[in-house]
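**Student:** here are the coordinates; sequence isn't available:
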């Protein structure tokens, strides 16, 4: 039966380095020879580390986290303090808007002790729940006033349209930006974006049109991209 003894490469590396230092002084080895031995030992320890790391990954051995990462919280573990999870949503998310509602009994209850009608005490049992409003699609109808001349009646002037990403499109800026963010930031395919819109009551949104709108948005933001590039490129070149 073969017995495989585990070798500690780090310990052997230190021993080898000490031996090289000892024999260099004892036998007065030339500097190039001593350097060559040291380089060989460094190469061997590098190979040993790589091989052991591969073996640990192959066998699925649990590795200790790096020292700089050990202090990073990884979520609440079993038996740990639950105080954070017990906080009210308004304490955990103080930046969110709070909508308050008061629930009143349809009829004044009777006292379970004497059966008399009870009155409001001014006290409340307060609880909180984190809620979300589903996405809402709506249409903005814009009416631009037309002006005519009451004197000669020879001309009419229309009020200028509001600036928009695609002035000739039936899709507003908010929809164009939302579709682009969903695709490129949240990695939601445009076809899936159109399917999600059906749940919010908007059926028949054409994915091909939305893809084209993201291209229009890219062209619209091209001057901004050029300005950012112009600003940071000299800094990158210096570094």
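**Tutor:** Received, thanks. These numbers were taken from a predicted model, which means no experiment stands behind them. Numbers count the residues shown, from 1 in each chain.
**Student:** pull the helix or strand with minimum mean pLDDT from this structure.
**Tutor:** In the chain, no helix or strand scores lower on mean pLDDT, DSSP states H and E than helix 67-70, which sits at a mean of 52.
**Student:** show me where the chain has its strands.
**Tutor:** For the chain, the strands defined by DSSP state E occupy 146-148, 156-158.
**Student:** helices or strands next to the last one in the packing?
**Tutor:** In this structure, strand 156-158 makes packing contacts with strand 146-148, judged by 3 or more CB pairs under 8 Å, 6 or more residues apart in numbering; DSSP states H and E. C-beta: built from backbone N, CA, C; applies to glycine.
**Student:** what about residue 86, how many neighbours?
**Tutor:** When neighbours are counted by other CB atoms under 10 Å, residue 86 registers 9.
**Student:** residue 202 now?
**Tutor:** As a burial measure, the neighbour count of residue 202 was computed by other CB under 10 Å and equals 15.
**Student:** list the contacts of the closest residue to it other than its chain neighbours.
**Tutor:** Nearest-residue entry for residue 202: residue 137, 4.5 Å, with adjacent residues in sequence omitted and distances by CB to CB, 6 or more residues apart in numbering. Residue 137 makes contacts with 175, 197, 200, 201, 202, as judged by CB atoms under 8 Å, 6 or more residues apart in numbering.
**Student:** gap between residue 137 and residue 207?
**Tutor:** With distances taken as CB to CB, to the nearest Å, residue 137 is found 15 Å from residue 207.
**Student:** with residue 197 instead?
**Tutor:** Shown here: residue 197 relative to residue 207, a distance of 10 Å by CB to CB.
**Student:** more neighbours: these two, which one.
**Tutor:** Taking residue 197 and residue 207 together and counting by other CB under 10 Å, residue 197 has the greater number of neighbours (19 against 15).
**Student:** what segments of the protein are helices?
**Tutor:** Taking DSSP state H, the helices of the chain run over residues 9-27, 31-59, 67-70, 83-86, 89-92, 173-184, 190-199, 207-220, 222-238.
**Student:** weakest of those helices by average pLDDT?
**Tutor:** Here the helices of the chain differ in mean pLDDT, and the lowest is helix 67-70 at a mean of 52.
**Student:** OK, contacts around the residue lying closest to residue 158 once chain neighbours are set aside?
**Tutor:** Nearest non-adjacent residue to residue 158, counting by CB to CB, 6+ apart: residue 146, 5.1 Å away. Taking CB under 8 Å, 6+ apart as the definition of contact, the neighbours of residue 146 are 156, 157, 158, 159.
**Student:** can I get the residues you listed in JSON lines including neighbour count and pLDDT?
**Tutor:** Putting the contacts of residue 146 into JSON lines (neighbours: other CB atoms under 10 Å; pLDDT from 0 to 100) gives the following:
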{"residue": "156", "neighbour count": "9", "pLDDT": "93"}
{"residue": "157", "neighbour count": "10", "pLDDT": "94"}
{"residue": "158", "neighbour count": "9", "pLDDT": "93"}
{"residue": "159", "neighbour count": "11", "pLDDT": "94"}
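**Student:** among those, which one sits closest to residue 105?
**Tutor:** Checking those against residue 105 by CB to CB gives residue 159 as the nearest, at 54.9 Å.
**Student:** can you pull the contacts of that closest one?
**Tutor:** 144, 145, 146, 147.
**Student:** kindly recompute the last result at 6 Å.
**Tutor:** Contacts here follow CB atoms under 6 Å, 6 or more residues apart in numbering; on that basis residue 159 touches 144, 145.
**Student:** which pLDDT does the model give the closest residue in space to residue 167 that isn't next to it in sequence?
**Tutor:** Using CB to CB, 6+ apart and skipping the chain neighbours, the partner closest in space to residue 167 is residue 161 (6.4 Å). As predicted, residue 161 sits at a pLDDT of 91.
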